[in-house]
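1. My questions concern the predicted model and sequence given below.
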Amino acid sequence: MRLKDKVAIITGSSRGIGRDIALRLADEGCQIVVVGKTTEPHPKLPGTIHTVAEEIEAKGVKALPIACDVRSIEAIEAMVAQTRETFGRIDILINNAGALWWEPLMNTPVKRFDLMMDINARAPFYAAQAVLPTMMAQKSGHIINMSPPIELAHVPYHIAYTISKYGMTLLTHGLAEEMREHGIGVYSLWPKTMIESLATINWGLGTPDMWRKASILSDATLELVAGDPARYSGKALIDEDVLRDAGVSDFDVYNCVPGSQPPDLDTLWEMTRRGK
């Protein structure tokens, strides 16, 4: 129970990677604020904030489902206020909600560009701003942005997406320094390989033998938020590297297809760059 009585806000946790992280932290005693837009069952999308909250509470910890469109600053502020009122503390913020569009500039509509800026870059900025007064008063906390290390070779043919995701990573680098004196760790976390999710499935990003399970990101997240905030603060981290530092050596357990060798995410970047 490494996170007993801690409180984590996880955006985009009604399904996929966010849900997996929520359940993993709950296993360690963490109370979870399940944040998402899905409140009613959807014919094409599994899960709602309420079904995930039920799964969490079945583990013996408290869950607070909150419907929140992270594109709205007012909704973010209300969500954080409700969390503080319910639990009296906020220990962890995981900016997991995301929008994907792996297309070149000429194939990117304005609405799609704006959606990624609002969800991937703007929302994490204001979510951090909303939780920080509580964390600063506690003199402790962790903020994780699900964003990659900055690699300029990945920008062509993914311009809008990388602008938004690298904005999250810049938030990590800058905010870590601003929060260092307050005992708050800020990190970016990104997978080494593609992760099985609705995004990879619906976009046709590789095949199951090229994917790992979401549990590798969940385990890496746990290592970050259960550790010393100062150890990795300000860094853009890769899930496998975090787990290797924690002593993990068997990564086959994370493969969607046992015995496969999922390629690095760089391979998928290159495939989409070439239009494959």
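-> Arrived safely. Residues are numbered from 1 along each chain as shown.

2. now the helices for the stretch 51-200 of the chain?
-> 73-87, 110-116, 123-138, 159-179, 198-203 (DSSP state H, counting those that start in this stretch).

3. Give me the outermost residue of the protein relative to its centroid.
-> residue 106 (28.3 Å; C-alpha atoms, centre = their mean).

4. pLDDT at that one, what is it?
-> Looking at residue 106, its pLDDT reads 96.

5. mind starting the numbering at 8 from now?
-> Noted, 8 is the first residue going forward, which turns the last one into residue 113.

6. For residue 166, see how far away it is.
-> Distance of residue 113 to residue 166, given as C-beta to C-beta, to the nearest Å: 10 Å. (Glycine included, C-beta is placed from N, CA and C.)

7. repeat for residue 23
-> Taken as C-beta to C-beta, the span from residue 23 to residue 166 is 25 Å.

8. quick one, which of these two is more surrounded?
-> residue 23 (21 against 16; other C-beta atoms under 10 Å).

9. quick one: that one and residue 205 touch, right?
-> Yes - between residue 23 and residue 205 there is a contact under C-beta atoms under 8 Å: 5.9 Å.

10. averaging pLDDT over each of the helices of the stretch 58-207 of the chain, which comes out lowest?
-> Mean pLDDT, when computed for each of these, is lowest for helix 205-210, at a mean of 80.

11. In the protein, which residue is most central in space?
-> Short answer for the chain (C-alpha atoms, centre = their mean): residue 103, at 2.7 Å.

12. Need the pLDDT of that residue.
-> Residue 103 is given a pLDDT of 98.

13. same question, residue 274
-> At residue 274, the model reports a pLDDT of 78.

14. same check, this time on residue 259
-> Among the per-residue scores, residue 259 holds a pLDDT of 95.

15. burial count for it?
-> 11.
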